[in-house]
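Asker: how would this look folded up:
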Amino acid sequence: MADSDMGWHLATGRWILQHHQIPRTDVLSFPSAGKPWTYPPFAGVLLYLTYRGFGYVGLSLLCALACLAVVAIFVRRGDFASAFLAMLAVPCVAARTAPRADLFSTVFFAIFICELWAYQHGKRVRLWLLPVLMLLWVNLHPGFVAGLAAIGAYLLLEVTDLIYAERRAGAFVRLRGALPWLAACAVATLANPWGGRIYAATLNMMGVAGSVQGTINGNVALAEFAGIPITTHMLHQLLDVRDILNGFTWLLLLSVLLAGLFLWKRQIGAALLLVFALSATLTHARYMGLFAITVVTLGATLLEELFTSASDDGGNTTSPRLQVPAGVATLIAVVLCAVALLHVADFVSNRSYVVFSPGLSFGAGESSWFPSRAAAFIRREQLPGNVFEDYELGGYAAWSLGPKYPDFIDGRGNSGNLGLEQFNLYSEDPDSPAWKNEAEHWKLNVLLVSTVGLRSLQQMDPFKFCQSKSWRPIYMDDVSLVLLRDSPQNAPWINRLQIDCFTQPLTASDSSSRPALHQFYLNSGALFYDLHRDREAQESLSRAAALYREDPSVHFLSALLFERGQRYAEAEQEYRASLAITETSSVWYSLSLLYGKQGRTADALHALEHAAELSMQPYNIYVTMGKLQMVLNNPEQSLVSFAKAERNSPYRNGAESLAPEVYAELDEYRSEAHRRLSHWNEAIRFQQEAIQRTPLVVRRWDRLARLYEATGQMPLASQVRQHIFDLQTSENSTLSSSPAGK
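Answerer: Below you'll find the model as predicted:
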């Protein structure tokens, strides 16, 4: 159980059962307390009841059963094509049956699409079941709209059949039989605590409702809503059956081939449906499971038609279009069984998790990245609230520390732009005015920091916070750090509990299993690296490597250690070793920075290109590429990179005004590229746009003046120089009149 949203689902279910009511405002987060919150309530209740009855083991088994249920729906016909495609789809389905409300949408969507597809093909099905499921679905997860999408897909299939005279009568008959039940599904969506308002809330969560200027669009900001890049690396995924994305990549390829076959068979609706599903998953990784379900459902029928005999209208048996000799079929079955056994071995031995999904391991229970010991420490010592934690950590904090300690922020998307406010804090020194103002505004006393930095869950630098004068470390283990604000009222706790991060030992449990020990040493190595305890970091990483030789994270961390020690050749070797096991954007990006330190600009650019290919959020990578291309005196290519950066900005689609400096910097880079190309009008235009975004930044006005001077526009240059003088005079006047200036 490693999902960051699991905690707030459990906390919501606990609150509902304790208070015997459905929350209509935020009851988990103290900055968002009292804000309207619209979310189907009963998934949290079911997850909480499962946990209360069977613990984390029960939640693990529930998720496994949800995945099994979807696969059972796939293979219920007992044909080879369904089984083959189901094998490819299992990892995609498993990814979307984590301990969160989303797992119910995955199961219900599979039922909807399979029943409607079977009905459209003349099979006897239970359409009455769909409204019943929809009544449950709308009260379990906002993904009920996927059920409506499945109904829309069915209607598309029938409408496209109306084009052909020989299919028209059958389509009309099916539509007459289905429409009452489909209408009942639509009506059932209104049977929820919010009625029709559930639609607005759902579309807003999905980012479909549109963007409001000045607000973060979750469809852009969240990684699972990011697109899946099509790269040459996918060729490796196709060929490596041990790659965790092997099945998904094959489904991507098969969806294109199947869409072509459907067009050849004049089944336009099915072809369009596959194209839409493919587009949805490539633009939003979150829809991977729904995509896999769609491909398996439609593709199995088509493939089975190609490989089996059929009866025509006269009762005569026709030969299959493609004949497979019995010996070849047996060989294929043996190969597929061998692949299945290899997958089982890789999961049970934890190889799949070590290589592709750090933080997970085989078996039932709680993930190692959850800071359960730190949460227990906060409760045991009865530390004063409020507690500040990272966005990814908020869900678990709501569950493990609530209700006594409400969380600061979590994954429900109910915190407005608090996430951006938090993100901006990470670049600030812990003793800075920004942190002081945040602490005073929200009355913060405790910081709960996740220290598993290589898991994309860590944003705050433990090294800086352990040296802070405003915050004092009082607890540390291999995955978390607890700090207390240095204030007179907190002095009793600080005097009794304060620790030294730079000498505090980390000790593994004697009863730890091999996977748990590996996680401990890897996490400890990452934390020791962050704290500049390099010798201890190297020792921990050596122990982790001894337990799992194929761990790319060990090579990655070792490379960072060598790079810090300016042992660049060894660092490059370790980066390459990590990439040889599995290619990731972060490793390629780090390798590019290493090349940059060595002055190997061309190599750095090549590494950045790989990093951009693999990244789901490549804004910073494209900016760095553009700057490197300027160093290589290639302003044309730098303009291309800067344009790509703008298209991938986390602040696009309505949030541009929240990051004026980001866009002003990009405009200034473009201005410089155009200047080098002697495109003076464009250089001036982009510099003007940079100034419009940040009108008080003097250096940008100065650069505009120099551009005017370079083009002989002296009157305009003089006006800008006068404006610079006025800005500086105003700034000096403000400083002299302030208490600090006096």
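Asker: in the stretch 401-550 of the chain, which spans are helices?
Answerer: For the stretch 401-550 of the chain, the helices defined by DSSP state H, counting those that start in this stretch occupy 418-425, 433-442, 462-466, 491-497, 514-530, 534-547.
Asker: Give the other helices and strands that the third one contacts.
Answerer: Here helix 462-466 touches strand 446-450, strand 471-476, strand 480-485, helix 514-530, going by 3 or more CB pairs under 8 Å, 6 or more residues apart in numbering; DSSP states H and E. Using the backbone N, CA and C atoms, a C-beta is placed for each residue, glycine as well.
Asker: just the first one next, same as before
Answerer: Applying 3+ CB pairs under 8 Å, 6+ apart, one finds that helix 418-425 contacts helix 433-442.
Asker: how does it look with 10 Å?
Answerer: Applying 3 or more CB pairs under 10 Å, 6 or more residues apart in numbering; DSSP states H and E, one finds that helix 418-425 contacts helix 218-221, strand 387-389, helix 391-401, helix 433-442.
Asker: same check, this time on the longest one
Answerer: Packing contacts for helix 514-530, counted by 3+ CB pairs under 10 Å, 6+ apart, involve helix 351-356, helix 462-466, strand 480-485, helix 534-547, helix 552-564.
Asker: do the second one as well
Answerer: In terms of contacts (3+ CB pairs under 10 Å, 6+ apart), helix 433-442 is packed against strand 387-389, helix 418-425, strand 480-485.
Asker: Kindly recompute the last result at 8 Å.
Answerer: Against helix 433-442 (3+ CB pairs under 8 Å, 6+ apart) you get strand 387-389, helix 418-425.
Asker: Count the residues that sit near Phe502.
Answerer: Counted with other CB atoms under 10 Å, residues neighbouring Phe502 total 13.
Asker: and it, what does it touch?
Answerer: Cys466, Leu531, His532, Arg533 (CB atoms under 8 Å, 6 or more residues apart in numbering).
Asker: ok, now Leu62?
Answerer: By CB under 8 Å, 6+ apart, the contact list for Leu62 reads Leu47, Thr50, Pro99, Leu103.
Asker: Highest neighbour count among those residues?
Answerer: Most surrounded of the contacts of Leu62: other CB under 10 Å gives Leu103, at 27 neighbours.
Asker: Now for Ser638: which residues touch it?
Answerer: Ser638 touches Met625, Gly626, Lys627, Gln629, Met630, Tyr669, Ala673, counting by CB under 8 Å, 6+ apart.
Asker: How is it assigned, secondary-structure-wise?
Answerer: helix (DSSP: H, G, I helix; E, B strand; the rest coil).
Asker: what about the closest residue to Asp79 other than its chain neighbours, how many neighbours?
Answerer: The shortest distance from Asp79 to any non-neighbouring residue, by CB to CB, 6 or more residues apart in numbering, is to Glu304 (4.9 Å). For Glu304, the neighbour count with other CB under 10 Å is 16.
Asker: what about Glu304, distance to Leu716?
Answerer: Per CB to CB, to the nearest Å, Glu304 is found 73 Å from Leu716.
Asker: Mind putting the helices and strands packed on helix 433-442 into TSV with mean neighbour count, mean pLDDT and distance to Ile684?
Answerer: As requested, the helices and strands packed on helix 433-442 are arranged in TSV below (neighbours: other CB atoms under 10 Å; pLDDT from 0 to 100; distance: least, CB to CB, whole Å):
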stretch	mean neighbour count	mean pLDDT	distance to Ile684
strand 387-389	27	94	44
helix 418-425	17	79	31
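Asker: Out of the ones you listed, the one nearest Gln637 is which?
Answerer: Closest approach to Gln637 among those (CB to CB): helix 418-425, 29.6 Å.
Asker: Could you tell me the angle between the closest one and helix 391-401?
Answerer: Helix 418-425 runs at 110 degrees relative to helix 391-401, counting by axes from the mean of the first three to the mean of the last three CA atoms, to 10 degrees.
Asker: pLDDT wise, what is Gly416 at?
Answerer: Gly416 is assigned 68 on the pLDDT scale.
Asker: same question, Gly654
Answerer: Note on Gly654: pLDDT of 66.
Asker: on that earlier part again, next, format the helices and strands packed on helix 418-425 as JSON lines and append distance to Val355.
Answerer: JSON lines is the format used below for the helices and strands packed on helix 418-425 (distance: least, CB to CB, whole Å):
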{"stretch": "helix 218-221", "distance to Val355": "28"}
{"stretch": "strand 387-389", "distance to Val355": "29"}
{"stretch": "helix 391-401", "distance to Val355": "22"}
{"stretch": "helix 433-442", "distance to Val355": "38"}
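Asker: follow-up on the earlier one: which among the contacts of Ser638 gets closest to Glu689?
Answerer: Using CB to CB, Tyr669 is the member of those that sits closest to Glu689, with 11.7 Å.
Asker: what about the nearest residue in space to that closest one that is not next to it in sequence, how many neighbours?
Answerer: Closest residue in space to Tyr669, ignoring its immediate chain neighbours: Phe642 at 5.5 Å, by CB to CB, 6+ apart. Neighbour count of Phe642, defined by other CB under 10 Å: 26.
Asker: contacting residues around Leu156?
Answerer: Residues in contact with Leu156 (CB under 8 Å, 6+ apart) are Gly269, Leu272, Leu273.
Asker: mean confidence for the one helix or strand it maps to?
Answerer: Following DSSP states H and E, one finds Leu156 within helix 144-161. Averaged over helix 144-161, pLDDT sits at 95.
Asker: Alpha carbons of the helix or strand immediately after that helix in the chain, in PDB - could you do that?
Answerer: The first helix or strand that comes after helix 144-161 along the chain, using DSSP H and E, is helix 165-188. Extracted C-alpha coordinates of helix 165-188, given in PDB (Å, rounded to 0.1, in the frame of the first residue of the first chain):
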ATOM      1  CA  ALA A 165     -28.300  -0.900 -44.900                       C
ATOM      2  CA  GLU A 166     -27.700  -4.500 -44.000                       C
ATOM      3  CA  ARG A 167     -27.000  -3.500 -40.300                       C
ATOM      4  CA  ARG A 168     -29.600  -0.800 -39.900                       C
ATOM      5  CA  ALA A 169     -32.500  -2.900 -38.800                       C
ATOM      6  CA  GLY A 170     -30.500  -4.700 -36.200                       C
ATOM      7  CA  ALA A 171     -29.100  -1.400 -34.800                       C
ATOM      8  CA  PHE A 172     -32.700   0.000 -34.500                       C
ATOM      9  CA  VAL A 173     -33.800  -3.100 -32.600                       C
ATOM     10  CA  ARG A 174     -30.900  -3.000 -30.200                       C
ATOM     11  CA  LEU A 175     -31.300   0.800 -29.600                       C
ATOM     12  CA  ARG A 176     -35.000   0.300 -28.800                       C
ATOM     13  CA  GLY A 177     -34.100  -2.400 -26.200                       C
ATOM     14  CA  ALA A 178     -31.200  -0.500 -24.700                       C
ATOM     15  CA  LEU A 179     -32.300   3.200 -24.500                       C
ATOM     16  CA  PRO A 180     -34.600   2.800 -21.400                       C
ATOM     17  CA  TRP A 181     -31.800   1.200 -19.400                       C
ATOM     18  CA  LEU A 182     -29.300   3.800 -20.700                       C
ATOM     19  CA  ALA A 183     -31.600   6.600 -19.700                       C
ATOM     20  CA  ALA A 184     -32.000   5.000 -16.300                       C
ATOM     21  CA  CYS A 185     -28.200   5.200 -16.000                       C
ATOM     22  CA  ALA A 186     -28.300   8.900 -16.600                       C
ATOM     23  CA  VAL A 187     -31.100   9.400 -14.000                       C
ATOM     24  CA  ALA A 188     -29.200   7.200 -11.500                       C
END
